[in-house]
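Novice: Below are the sequence and a predicted model for it; my questions follow.
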There are 4 protein chains.
Amino acid sequence: MSRTFTLLAGCRDRVGIVAHVSGFIAGHKGWITEASYHTDPVSHWFFMRHVIMADSLPMDIDTFRAQFGEYAKSMDIDWQISDSAAPKRVVIFVSKEEHCLAELLYRWRSKDMQFDIAGVISNHNDMRSYVEFHGLPYHYIPVDKQNKITAFSEIENVLAACQADTIVLARYMQILPPALCTKYHGRIINIHHSFLPSFAGAKPYHQAYERGVKLIGATSHYVTEELDAGPIIEQDVIRVSHDTDIPSMVRLGKDVEKLVLARAVRYHLEDRVLVHGNKTVVFA
Amino acid sequence: MSRTFTLLAGCRDRVGIVAHVSGFIAGHKGWITEASYHTDPVSHWFFMRHVIMADSLPMDIDTFRAQFGEYAKSMDIDWQISDSAAPKRVVIFVSKEEHCLAELLYRWRSKDMQFDIAGVISNHNDMRSYVEFHGLPYHYIPVDKQNKITAFSEIENVLAACQADTIVLARYMQILPPALCTKYHGRIINIHHSFLPSFAGAKPYHQAYERGVKLIGATSHYVTEELDAGPIIEQDVIRVSHDTDIPSMVRLGKDVEKLVLARAVRYHLEDRVLVHGNKTVVFA
Amino acid sequence: MSRTFTLLAGCRDRVGIVAHVSGFIAGHKGWITEASYHTDPVSHWFFMRHVIMADSLPMDIDTFRAQFGEYAKSMDIDWQISDSAAPKRVVIFVSKEEHCLAELLYRWRSKDMQFDIAGVISNHNDMRSYVEFHGLPYHYIPVDKQNKITAFSEIENVLAACQADTIVLARYMQILPPALCTKYHGRIINIHHSFLPSFAGAKPYHQAYERGVKLIGATSHYVTEELDAGPIIEQDVIRVSHDTDIPSMVRLGKDVEKLVLARAVRYHLEDRVLVHGNKTVVFA
Amino acid sequence: MSRTFTLLAGCRDRVGIVAHVSGFIAGHKGWITEASYHTDPVSHWFFMRHVIMADSLPMDIDTFRAQFGEYAKSMDIDWQISDSAAPKRVVIFVSKEEHCLAELLYRWRSKDMQFDIAGVISNHNDMRSYVEFHGLPYHYIPVDKQNKITAFSEIENVLAACQADTIVLARYMQILPPALCTKYHGRIINIHHSFLPSFAGAKPYHQAYERGVKLIGATSHYVTEELDAGPIIEQDVIRVSHDTDIPSMVRLGKDVEKLVLARAVRYHLEDRVLVHGNKTVVFA
């Protein structure tokens, strides 16, 4: 794949904004391969995503970044540019269930998605050999009620040491401390095994079984301080019936969970997600 | 279609129950064209549905009913038999939105589903000419905060006069009084425009928009005294995005609502639904 | 809904084309509410759709059309502009099956979709009373092997007289003559009751049953001279099993057919479809 | 999970057959936990599946098998019994694409599905280290136009040596010789990356792209001598648009392929599939 720059931007909606921004890019000879726009009808905030061929620009990314920065300032535009040549560094958190981890590792080793895995953190040792087969560092950091503060301080050290920019909770089953949520705001992706907002919290399949729903689902969202309440990135469902007992729900649900998480992570890695209040714009 | 009898039954699970009941039917020369079984793993209650060709039985339905009744009593089996030659009598309640009503009328006039429509009750006059084109009685019974008791007493009279055995709330938008819910227990079908238990109550699409979900849905359930909390018969969802504003959700949701309601009504009409506590067994 | 102009355009892909066209619109003070772009990776053809608020332009549509026309000529751009105040005139062709017709009539009378129905043409009289209830003209034009030429000549006269710009074959079950396909090229929408290219031609559900597929589908496409081979606009499927006999396939399939056709017609009415060779770009 | 016996049977349909067979099982004190029935409306063949709790039978499986065998002979019933304590022995064939293999290995090592993997056969060495990490034998048997006969003779030896009873072609990309298809008739499961019967043969995503379909799919089927034409076990689809180029189809399709294959293999492993002519009955 050719090297690309992805420009995400947002500003107050106004007449001519598409022409203005795409004009700036064209004025620098940038070849746009993808362009997506959205206006929020309540806040009148305008969202843009442009993918630009790197070699169409007769300058390096830092020069373009500096020039776009000046332009954006004059236009009151929030923005960020990422470079496909600098993939994101992800740390995966896992507990004992392997399906989400296995899915992400498959996509990494098969190059189905472009990212670096800086390491795996777990409160159990079960996944060690599988992770280490991939040549990836495995950090066993047990968490319990007594050691929570020490454990998460160790986790923060690991995150800092491996320069993580994205955290994926691949069925981690532990609640992150608020400070960590704040520090990596908009960069921690969780998978919850229900169709939120139904069945937040513990044992969602048990809750679903009790209620007698005819579809079960999974939700991938950015983590905020409030449990299972952050901006939703992706959701999906699968049909169940009176015949589907709880173990079957758990089994069927895994297929949905792993695909929903993988899609959400892909959107994040490809800078397709903009957070707006407690909602997302996903230029899928 | 040939005339059939549908036997729904439930009893405590035990070894040999399938053999015993199907043996009784075979002993009366009954030809079973559909047989479905389910055991609830928590309560150990056993559910059965048998469809029997009417002309395979060398006796009329009343004789069979009497003989099965004695047998069932001896076996401690709850049961009911319905006759395809005696379709259910349905009263449809509607407000101003026509999509669910139009779907049910289409299925009735095209004989896609087998039922009699005993009448349509509405708190508005908007649907009168469309309903009357079908040669069906339209009862305009306005409901407001002041006249609620009188209005529902008039509704009960209409229901009694037209010998309704099933009520379908096709986006009726009024809460039925508890006494009516009790009287027609297990025979009032509602469509709620959300994927319950998310977004019960008023304006579910507004709630869904606020939460930023990526799928919206509809739920058809039996009405109980508690609002939007009765046994779920059928549910489905449709994908939305950041681009889907509330009017678009309302529009897209209608396609799901009408199909979910139609499927639930079909299951009920064909005696495919058994209620068990607050859940359903649906032999779809 | 506010009045809007929809501009569809296509040209050879080049750097700066988005900036250039959106710059032209902005230069005329046009407020773009929707903007969609696509480049075909094989032919390098660039497709655009812009929706412009009518009252943002300080000129009428004819003046804008003239000015854009000159600009487009200078830029070698193919284009067309439509006005939401001038809805398309549709003639619906139907045979004996009513589900697709009923769906379209529902969407028309409930204003779910914006279009005029110039009339209904049928080779049977079955749907007459239902259509006439809507106050719409019903043209009974029987077609058989002997009268095909006369019949279609009469059909062409009706189409001309009622100034149809779009034809929808709502399960018409007759093959249109090549001349008619050519005359209304890109403006005749058919629904075929299979997931094309599987099971083209007659009795697709019988073919599907024979092959033992586990999903059945429907396809809406523009009609070309070659049967069931035109550019596909929309498709969808529904699950079946060994238990689904042919009458059940026919019944289940209707739910898919009517929704797929309705979506395809909506895309066409809202100028969301561009035909490119034998494929479509659908800015849904 | 408790040990169970699964009894698959088929015979000419007749009155009382359910009562008779379930009566035989009940007469041996067998506790039926799942019972599924189907009559083919064309051939009037009757299909049954019963799952029986092993410890409810006061005899071992061989005694039960012998007694059921005599009974079945007297009743003209075709049958087979499998024992959950004797899981099937599977050999997986793979080429260079790893997604289907990885999915099956995940389900095996996580015990999501119950089966033994007797080995992996490949015409490439790419997957060796991943397979060997699982402690499974990897047989590298290159196939080309010249050595086809020798290669498949070697493959047959490996299959015999490891006592395979089921073969799964996890995107193997080679056509098996007719003799092998015959020898393992009804026990070779393939995944084809299209919604069959559309796009059989080579490069189905290219064919799908050319035709401009709006959904792409995958089909898992038993292999017969005729390419991609055997009895279909499971199918599913995923939505695409004009924006989905061929590499994206390949990528999106993998998610469908691996889940469709996994479901089909599960149905086979759990003896849920009966082949009837060129179709399957799947008691899912």
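Specialist: That came through fine.
Novice: How many neighbouring residues does the residue in the stretch 101-250 of chain A positioned nearest to chain B have?
Specialist: As assessed by C-beta to the nearest C-beta, chain B sits closest to residue A:212 within the stretch 101-250 of chain A, at 3.4 Å. Where C-beta positions appear, they are placed from N, C-alpha and C, glycine not excepted. Look at residue A:212: counted by other C-beta atoms under 10 Å in any protein chain shown, it has 23 neighbours.
Novice: How about the one 3 residues further on?
Specialist: A count of nearby residues for residue A:215, using other C-beta under 10 Å, gives 21.
Novice: shouldn't it be in contact with residue B:235?
Specialist: Yes. Using C-beta atoms under 8 Å, residue A:215 is in contact with residue B:235, at 5.3 Å.
Novice: dump the residue contacts of residue A:182.
Specialist: residue A:225 (C-beta atoms under 8 Å, 6 or more residues apart in numbering or on different chains).
Novice: And the pLDDT for it?
Specialist: Here, the pLDDT recorded for residue A:182 equals 95.
Novice: That one sits in which helix or strand?
Specialist: Residue A:182 is part of helix A:178-183 when elements are defined by DSSP states H and E.
Novice: For that helix, could you pull out the residues that count as buried?
Specialist: For helix A:178-183, the neighbour count (16 or more other C-beta atoms under 10 Å in any protein chain shown) marks A:180, A:181 as buried.
Novice: circling back to that earlier point, find residues that contact each of residue A:215 and residue B:235.
Specialist: In contact with both residue A:215 and residue B:235: B:195, B:217, using C-beta under 8 Å, 6+ apart.
Novice: so what secondary structure elements neighbour whichever helix or strand comes after the helix holding residue A:182?
Specialist: Elements were assigned by DSSP H and E; along the chain past helix A:178-183, the next helix or strand is strand A:188-192. Judged by 3 or more C-beta pairs under 8 Å, 6 or more residues apart in numbering or on different chains; DSSP states H and E, strand A:188-192 is in contact with strand A:166-169, strand A:215-222, helix A:246-269.
Novice: sorry, back to before: chain neighbours aside, what residue packs nearest to the residue of the stretch 101-250 of chain A closest to chain B?
Specialist: Spatial nearest neighbour of residue A:212, excluding adjacent residues (C-beta to C-beta, 6 or more residues apart in numbering or on different chains): residue B:279 at 3.4 Å.
Novice: So what does that neighbour have for phi and psi?
Specialist: The phi/psi pair for residue B:279 (degrees, to the nearest 10) reads phi -130, psi 170.
Novice: what are the ranges of the strands in chain A?
Specialist: Using DSSP state E, the strands of chain A run over A:4-12, A:32-39, A:45-53, A:78-83, A:89-94, A:116-122, A:138-140, A:166-169, A:188-192, A:215-222, A:232-239, A:273-276, A:279-282.
Novice: and chain A, which residues reach chain C?
Specialist: Contact residues, chain A versus chain C (C-beta under 8 Å from any C-beta of the partner chain): A:15-16, A:18-20, A:22-23, A:25-27, A:29-33, A:35, A:37, A:39, A:56.
Novice: Which single residue of the stretch 1-150 of chain A ends up nearest chain B?
Specialist: Closest point on the stretch 1-150 of chain A to chain B, by C-beta to the nearest C-beta, is residue A:41, at 5.4 Å.
Novice: I'd guessed that residue sits against residue B:245; true?
Specialist: Yes. With contact defined as C-beta under 8 Å, residue A:41 reaches residue B:245; the gap is 5.4 Å.
Novice: what's in contact with stretch A:39-46?
Specialist: A:10-14, A:17, A:37-38, A:47, A:276-277, A:281, B:245, C:33.
Novice: circling back to that earlier point, just the strands of chain A: most buried one?
Specialist: Of the strands of chain A, the one with the most neighbours on average (mean count of other C-beta atoms under 10 Å in any protein chain shown) is strand A:215-222, at a mean of 26.
Novice: does any part of it sit near chain D?
Specialist: No. Strand A:215-222 does not reach chain D (C-beta under 8 Å from any C-beta); its nearest approach is 13.9 Å.
Novice: CA atoms of that strand as PDB?
Specialist: Extracted in PDB, the C-alpha atoms of strand A:215-222 (Å, rounded to 0.1, in the frame of the first residue of the first chain):
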ATOM      1  CA  LEU A 215     -31.000 -11.100  19.700                       C
ATOM      2  CA  ILE A 216     -27.800 -10.800  21.700                       C
ATOM      3  CA  GLY A 217     -25.000  -8.300  20.900                       C
ATOM      4  CA  ALA A 218     -21.700  -6.800  21.500                       C
ATOM      5  CA  THR A 219     -20.500  -3.100  21.700                       C
ATOM      6  CA  SER A 220     -17.100  -1.600  21.200                       C
ATOM      7  CA  HIS A 221     -16.700   1.800  22.800                       C
ATOM      8  CA  TYR A 222     -14.100   4.200  24.100                       C
END
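Novice: Quick one: work out the angle between it and helix A:246-269.
Specialist: 30 degrees (axes from the mean of the first three to the mean of the last three C-alpha atoms, to 10 degrees).
Novice: Partner strands of strand A:215-222, with direction?
Specialist: Sheet pairing of strand A:215-222 (DSSP bridges) gives strand A:188-192 (antiparallel), strand A:232-239 (antiparallel).
Novice: Show me what from chain A comes close to chain B.
Specialist: Within chain A, the positions adjacent to chain B are A:38, A:41, A:195-199, A:211-215, A:217, A:231-237, A:241-243, A:245, A:278-282, A:284 by C-beta under 8 Å from any C-beta.
Novice: if you set the cut-off to 6 Å instead, what comes out?
Specialist: Residues of chain A lying near chain B by C-beta under 6 Å from any C-beta of the partner chain: A:38, A:41, A:197-198, A:211-212, A:214-215, A:232, A:234-235, A:237, A:242, A:245, A:279, A:281.
Novice: so what's residue A:1 scoring on pLDDT?
Specialist: Here, the pLDDT recorded for residue A:1 equals 72.
Novice: close to chain D, is stretch A:85-94?
Specialist: No. On the criterion C-beta under 6 Å from any C-beta, stretch A:85-94 is out of touch with chain D, staying 13.1 Å away.
Novice: gap between that stretch and the chain center?
Specialist: 10 Å (C-alpha atoms, centre = their mean, to the nearest Å).
Novice: got it, and stretch A:68-84?
Specialist: 22 Å.
Novice: One more: stretch A:143-160?
Specialist: 22 Å.
Novice: same deal with stretch A:42-61?
Specialist: Counting by C-alpha atoms, centre = their mean, stretch A:42-61 comes out at 20 Å from the chain centroid.
Novice: what about that stretch, start to end distance?
Specialist: Terminal residues of stretch A:42-61 lie 34 Å apart, using C-alpha to C-alpha, to the nearest Å.
Novice: same check, this time on stretch A:37-51
Specialist: Stretch A:37-51 end-to-end distance (C-alpha to C-alpha) = 12 Å.
Novice: neighbours around the closest residue to residue A:248 other than its chain neighbours, how many?
Specialist: Of all residues not flanking residue A:248 in the chain, residue A:240 sits nearest, at 7.6 Å (C-beta to C-beta, 6+ apart). Using other C-beta under 10 Å, residue A:240 has 21 other residues around it.
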